[in-house]
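**Q** My questions concern the predicted model and sequence given below.
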Amino acid sequence: MNQNSLIKNKMIEIFVATQNKHKQKEIKDILKIISKDIKREIIPVFPSEKEKVPEEGKTYFENAFSKAIWWIENKKVNIPVLSEDSGLEIFALGKYPGVMSSLIPHKDATDKDRCLFILQKMKGISKRDARYVSWVVLILPQENYWIADYGETYGIIIDEIRGENGFGYDPIFFSTELQKTFGEANQEEKNLVSHRMRAISKFKKVFEKL
Ligand code: IMP
């Protein structure tokens, strides 16, 4: 699709630099909601082949930024690139696991292993407040322009696995706002309050002008 037809049809293609299928689905739905708000269709383009993209930053921002740059430099992506990095932070554990969220107890663990590992770590701890944080970076490679922002959502780590929706730590994350776990919430409900929705929504004005 060339630039002229995109403008004429009020459509804009954005490369979404994530290979996580759950995140892809969430971001697709979020972009659909934002498209309606700004009356402009944002079409997500996802990586077509599985690639090994390094993720070695010490912060969510560093990871989100370096992932976006990786696709621009290595795969010559030259449409706007949206990249995200996120994690769960449990205050009683010093904001653990944070940027390590997808690596504990080891990188090949399943989502269920990770939830059980956290439940074990939280045994006997009564202060169970937590939040999810999402940092999002948008890079416009043709204009040498980038912006970054974040979103967060608060909850409590319950002491069991509850619900089968979502991914990662959703079945043990009881959302204060929804009064149910993200595992029990459907996608529409999660999107009302999620860290990812809140972060990506901050780019509405930029999307409008693309
Ligand atoms: P990364 O951003 O690819 O490093 O992965 C973030 C990790 O944090 C995910 O693999 C999940 O374990 C966790 N995480 C981030 N956001 C969510 C969410 O919305 N639900 C459940 N887990 C999440």
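**A** Great, that's in hand.

**Q** contacting residues around the closest residue to the ligand within the chain?
**A** In the chain, the residue that lies nearest the ligand is Gly168 (2.2 Å; Cβ to the nearest ligand atom). (Glycine included, C-beta is placed from N, CA and C.) Contacts for Gly168 (Cβ atoms under 8 Å, 6 or more residues apart in numbering) come out as 22, 88, 101-102, 111, 114.

**Q** Just the CA trace of stretch 145-162, in PDB.
**A** What follows is stretch 145-162, C-alpha atoms only, in PDB (Å, rounded to 0.1, in the frame of the first residue of the first chain):
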ATOM      1  CA  TYR A 145      11.300  11.000  15.600                       C
ATOM      2  CA  TRP A 146      10.400   8.900  18.600                       C
ATOM      3  CA  ILE A 147       8.300   9.200  21.700                       C
ATOM      4  CA  ALA A 148       7.800   7.000  24.800                       C
ATOM      5  CA  ASP A 149       5.300   6.800  27.600                       C
ATOM      6  CA  TYR A 150       3.900   4.300  30.100                       C
ATOM      7  CA  GLY A 151       0.700   3.000  31.700                       C
ATOM      8  CA  GLU A 152       0.000   1.200  34.900                       C
ATOM      9  CA  THR A 153      -2.800  -0.700  36.600                       C
ATOM     10  CA  TYR A 154      -3.100  -1.700  40.200                       C
ATOM     11  CA  GLY A 155      -4.200  -4.900  41.900                       C
ATOM     12  CA  ILE A 156      -3.500  -7.600  44.500                       C
ATOM     13  CA  ILE A 157      -1.800 -10.900  44.200                       C
ATOM     14  CA  ILE A 158      -4.300 -13.500  45.300                       C
ATOM     15  CA  ASP A 159      -3.300 -16.800  46.800                       C
ATOM     16  CA  GLU A 160      -4.600 -19.100  44.000                       C
ATOM     17  CA  ILE A 161      -4.900 -19.300  40.300                       C
ATOM     18  CA  ARG A 162      -8.300 -17.900  39.200                       C
END
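
**Q** By neighbours, which of the contacts of Gly168 wins?
**A** Per-residue neighbour counts (other Cβ atoms under 10 Å) across these peak at Leu88, which has 27 neighbours.

**Q** Figure out how far the strand or helix carrying that one is from the centre of its chain.
**A** Assigned by DSSP states H and E, Leu88 belongs to strand 81-90. With Cα atoms, centre = their mean, to the nearest Å as the basis, strand 81-90 stands 5 Å off its chain's centre.

**Q** name the helices or strands packed onto the very next helix or strand once past that strand?
**A** Next in sequence after strand 81-90, counting helices and strands by DSSP H and E, comes strand 96-97. Contacts defined by 3 or more Cβ pairs under 8 Å, 6 or more residues apart in numbering; DSSP states H and E place strand 96-97 against strand 81-90.

**Q** could you redo the last one with a cut-off of 10 Å?
**A** strand 81-90, helix 111-121 (3 or more Cβ pairs under 10 Å, 6 or more residues apart in numbering; DSSP states H and E).
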